[in-house]
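In: for reference, the sequence and a predicted model appear below.
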Amino acid sequence: MKKSAFAMLLLGIFGVGAVHAQTELKLGHVGEPGSLFAKSAEEFAKRANSKLGAKAKVVVFGSSQLGGDKELLQKLKLGTVDLAIPSTVMSSESDLFGIFEMPYLVKDRKHMNAIEREVFWPRLAPEAEKKGLKVLAVWENGYRHITNNRRPIKVPGDLQGIKLRVPEGKWRVKMFQAYGANPSPMKFSEVFTALQTGVMDGQENPFSQIFSAKFQEVQKFLSLTGHVYTPAYATVGSKKWASLPADVRKVLEDTAKGMQSFVYATAEKDENELLGKIKAAGVQVNEADKAAFVAASKAVYEEFGKEVKGSKELIDKALSLAK
């Protein structure tokens, strides 16, 4: 009798354990420790895990451990990665995402909030879903600036002949070609070595990505162009999303959307602090003539409007929201 009762007890313990086994949700991103991506991902995991309890656990893998941007998107679709934070690379999935590759489109974060509400959710989020990707929330990568080892960049002509690493999105390539540079897409994890060895003269990124990746150690000049504001997207694969219990989905989506104020505040703090640290590392910093860059961007807007169906309407709507 005792043996039978003990066996039933064991069965009960292990049976309950099997039913409620914790699901691990892998979140991959390309940011280095201390980057805005890393801070955002870690805070999201902390908040989500406190609500998920034993149902699931978000585990963060940064520094391209699970792959570069394009690989992460593919793995989201396959279900081998559960969450990721793509940015520029989304324009390789849908050309309409190239709206955020248009220079000087986003005035500030208040403007971005209006664009998110009026343009992103009604028009761009459905485009991502057609590709098997569900965006849970819009976060931030940030305002991008140019670093290089050749010379200060004050006007577009200063980029003539400079070998510039850009992310994996064709509209960033077209933009810098219009400015006279020689842009090449490259995985973020490969950029430091490319700059160090001279394979690339320069790159363009927000301060958070520049500093956390230690580009200040291998670059001489930082030019404050602020040429593009890049959102980032807390994203899951549609198939994986459909397989998750409704309560887990609700926690993940609510937490992701609730993260935006933290992301914006962290980004603003980094902007104010990191420029000083980059200067302290010996990098020469200069202001750029933004009006000259805006004028040189006209051809990119025209080509985007002609090539991408529906894009002119979205650009006009986004620009109209600036106040």
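Out: The structure has been received and is ready for your questions.
In: how would you label E24: helix, strand or coil?
Out: strand (DSSP: H, G, I helix; E, B strand; the rest coil).
In: what are the bridge partners for it, then?
Out: Using DSSP bridges, the beta-bridge partners of E24 come out as K57.
In: ok now do it, which residues does it touch?
Out: Counting by C-beta atoms under 8 Å, 6 or more residues apart in numbering, E24 touches 56-57, 59. Every C-beta, even on glycine, is put in place using the N, C-alpha and C of the backbone.
In: which SS class is K309?
Out: Secondary structure state of K309, per three-state DSSP, is coil.
In: quick one on the thing from earlier: and the buried ones among the contacts of E24, selectable in ChimeraX?
Out: Here is the ChimeraX selection string for the buried members of the contacts of E24, based on 16 or more other C-beta atoms under 10 Å:
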select :56
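In: N141: which of the contacts of E24 is nearest?
Out: Closest approach to N141 among the contacts of E24 (C-beta to C-beta): V59, at 22.0 Å.
In: quick check, that closest one in a strand?
Out: Yes - counting by three-state DSSP, V59 is located in a strand.
In: you'd agree S50 is in a helix?
Out: Yes - if the criterion is three-state DSSP, then S50 is within a helix.
In: count of residues packed around it?
Out: Burial of S50, expressed as a neighbour count using other C-beta atoms under 10 Å, amounts to 10.
In: quick one, strands of the stretch 101-250 of the chain?
Out: Under the criterion DSSP state E, counting those that start in this stretch, the stretch 101-250 of the chain carries strands at the ranges 133-143, 145-148, 163-166, 182-185, 202-205, 221-224, 229-237.
In: among these, which is nearest K306?
Out: Across the strands of the stretch 101-250 of the chain, K306 has its closest neighbour in strand 182-185 (20.6 Å, C-beta to C-beta).
In: and the closest one, average pLDDT?
Out: The predicted model assigns strand 182-185 a mean pLDDT of 97.
In: tell me which other helices or strands that strand touches.
Out: Applying 3 or more C-beta pairs under 8 Å, 6 or more residues apart in numbering; DSSP states H and E, we find strand 182-185 packed against strand 163-166, helix 170-179.
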